[in-house]
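[1] just need the structure, nothing else, for what follows:
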Amino acid sequence: MIDKYLKHCPVKIGQLAKELGVAVRVMRLDRGVSGKITCENGSCVIRVNRHEVRKHQRFAVAHKPPHFLLHSEIIDTSLGGIRDNVLYHSGEPEQVEV
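    Prediction:
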């Protein structure tokens with residue numbers, strides 16, 4: 001599925017997320033939060049801090065689909081989802097980030 005996205009430069013990360021069934025929203029987030037993914041009732045959303053520079057926003061969006069694909073069972077909206085700080089550390093156990 002992702003092969004068709006690799007033919008474009010830059011990769012259309014938002015469209016890839018959408019095809020995976022994950023919406024992307026650019027919005028104001030708490031200070032120090034670059035992005036987060038939350039899921040509720042089978043619907044997941046990547047939220048990206050609008051105050052980040054464009055490159056950081058793209059990285060935040062690119063960083064979230066692997067969380068969705070590899071361990072969506074730990075993305076719990078009631079616990080705030082998976083959030084990345086400005087250094088792209090989610091606070092999840094290291095094995096989740098690796």
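
[2] which secondary structure state does the spatially most central residue of the chain sit in?
    Residue closest to the average C-alpha location in the chain (Cα atoms, centre = their mean): K64, at 2.7 Å. When classified by DSSP: H, G, I helix; E, B strand; the rest coil, K64 comes out as helix.

[3] do you know how far it is from H71?
    K64 sits 12 Å away from H71, going by Cβ to Cβ, to the nearest Å. For the C-beta atoms, the positions are set from N, CA and C on the backbone; glycine is no exception.

[4] can you check L6 too?
    Between L6 and H71 the distance, using Cβ to Cβ, works out to 23 Å.

[5] which one's more surrounded, those two?
    More crowded of L6 and H71, by other Cβ atoms under 10 Å: H71, with 13 against 9.

[6] per-residue confidence at the more buried one?
    The model reports H71 with a pLDDT of 71.

[7] please, which helix or strand holds it?
    In this structure, H71 sits in helix 54-71 according to DSSP states H and E.

[8] buried residues in that helix, which are they?
    Going by neighbour count (16 or more other Cβ atoms under 10 Å), the buried part of helix 54-71 is 56-65, 67-68.

[9] redo the residues you listed as TSV? Include distance to I2 and pLDDT.
    Shown next, in TSV, are the buried residues of helix 54-71 (distance: Cβ to Cβ, whole Å; pLDDT from 0 to 100):
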residue	distance to I2	pLDDT
H56	22	89
Q57	20	93
R58	16	93
F59	17	90
A60	18	89
V61	14	92
A62	11	91
H63	15	85
K64	14	85
P65	9	84
H67	15	76
F68	13	79
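
[10] quick revisit: export the helix holding H71 as CSV, just CAs?
    Extracted C-alpha coordinates of helix 54-71, given in CSV (Å, rounded to 0.1, in the frame of the first residue of the first chain):
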residue,chain,number,x,y,z
ARG,A,54,6.3,22.8,8.9
LYS,A,55,9.1,20.2,9.1
HIS,A,56,8.3,19.3,12.7
GLN,A,57,4.6,19.0,11.8
ARG,A,58,5.5,16.6,8.9
PHE,A,59,7.7,14.6,11.2
ALA,A,60,4.9,14.4,13.9
VAL,A,61,2.4,13.1,11.2
ALA,A,62,4.9,10.6,9.9
HIS,A,63,5.7,9.4,13.4
LYS,A,64,2.2,8.5,14.3
PRO,A,65,1.0,5.9,11.7
PRO,A,66,3.6,3.3,12.9
HIS,A,67,2.1,3.6,16.5
PHE,A,68,-1.3,3.0,14.9
LEU,A,69,-0.2,0.0,12.9
LEU,A,70,2.1,-1.6,15.5
HIS,A,71,0.4,-1.1,18.8
